[in-house]
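structure of the sequence below:
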Amino acid sequence: AVVSTQSTGMAGVGQLVTSVASLIVENLCSTTETVTNLTAAEEAVRGLTFDKFEEKLVSQVMEGINLSDFERVVERLANRHSLPDDKKEEILDGQYAEKNTLVSKEFVFNVGQTSQMVYCKLATIKTSDVKIDLAIMYYKLDFKLSPLKIETRSTKRKLGIKVGHRTSVHYEPRNLSQKDQDCFTNFFRYKALKGFLLENPSAGNQITQGFI
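Numbers count the residues shown, from 1 in each chain. Below is the predicted model of the structure:
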């Protein structure tokens, strides 16, 4: 599943009351709800084991970029962090609005095969006619769940008399229900935002207190 949301807005320089980094975390739910959801997600993920687990977090905040240099700066960042072309283009959209934010979520689960989750939040604010601020939070996880170990125990008999037990073992690919997938993505979404907040503590506010 792929989900993207984008918003643009106009704001005079004197009206800006939030930093570009704070736009990455501004829509977090209340602390109580966040902790409750995270607890449920942790419980669901705790029992999982992985044959493959490769994660990447890009946390970048740049302020005061010359608007004339913006495309070149974005190109360098995209190359440095190996960002997909569609994400680079989404960042570049920021040069056409006073304020631009975008959230995209992708989750592809393949039973018994490598799966992928991508969670991305982008924000730009023009602070003057010639300056623009940029914040990027890009999280990618490539993973493969370990198969389920199934043990079957049967009774051994000889001439009708029980003489012991036999245990057979086989493995089955692990599946995730829709509820499990929701918990999985919530857990790693929170993990990504926590990583961004730890690297950019000034982005936090009362909503995120207690989150990290």
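
and the strands in this structure, which stretches?
2-9, 50-66, 99-108, 115-126, 131-145, 148-158, 161-172 (DSSP state E).

can you list those in a markdown table and add mean pLDDT and mean neighbour count?
The C-beta positions use only the backbone N, C-alpha and C, and glycine is treated the same way. Shown next, in a markdown table, are the strands of the chain (pLDDT from 0 to 100; neighbours: other CB atoms under 10 Å):
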| stretch | mean pLDDT | mean neighbour count |
| --- | --- | --- |
| strand 2-9 | 55 | 11 |
| strand 50-66 | 94 | 15 |
| strand 99-108 | 93 | 18 |
| strand 115-126 | 95 | 22 |
| strand 131-145 | 95 | 21 |
| strand 148-158 | 78 | 9 |
| strand 161-172 | 79 | 9 |
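
how about those strands, which one is nearest residue 179?
Between residue 179 and the strands of the chain, the tightest spacing by CB to CB is seen for strand 99-108, at 13.4 Å.

strands paired with that closest one, and their directions?
Sheet pairing of strand 99-108 (DSSP bridges) gives strand 2-9 (antiparallel), strand 115-126 (antiparallel).

so how far is it from its chain's centroid?
Distance of strand 99-108 from the chain centroid (CA atoms, centre = their mean, to the nearest Å) equals 10 Å.

repeat that for stretch 73-93.
Distance, centroid of stretch 73-93 to centroid of chain: 17 Å (CA atoms, centre = their mean).

buried ones in it?
Within stretch 73-93, the residues that count as buried by 16 or more other CB atoms under 10 Å are 74, 77, 78, 81, 83, 87, 88, 90, 91.

what mean pLDDT does it get?
Taken as a whole, stretch 73-93 carries a mean pLDDT of 95.

picking up where we left off before, hmm, which two among the buried residues of stretch 73-93 are most spread apart?
Maximum pairwise distance among those (CB to CB): 13.9 Å, between 81 and 90.

max-length helix in this protein?
Using DSSP state H, we find that the single longest helix of the chain is helix 178-199.

quick one: list the elements packing against that helix.
Contacts defined by 3 or more CB pairs under 8 Å, 6 or more residues apart in numbering; DSSP states H and E place helix 178-199 against helix 22-25, helix 31-46, strand 50-66, strand 99-108, strand 115-126, strand 131-145.

cool, thanks, talk later.
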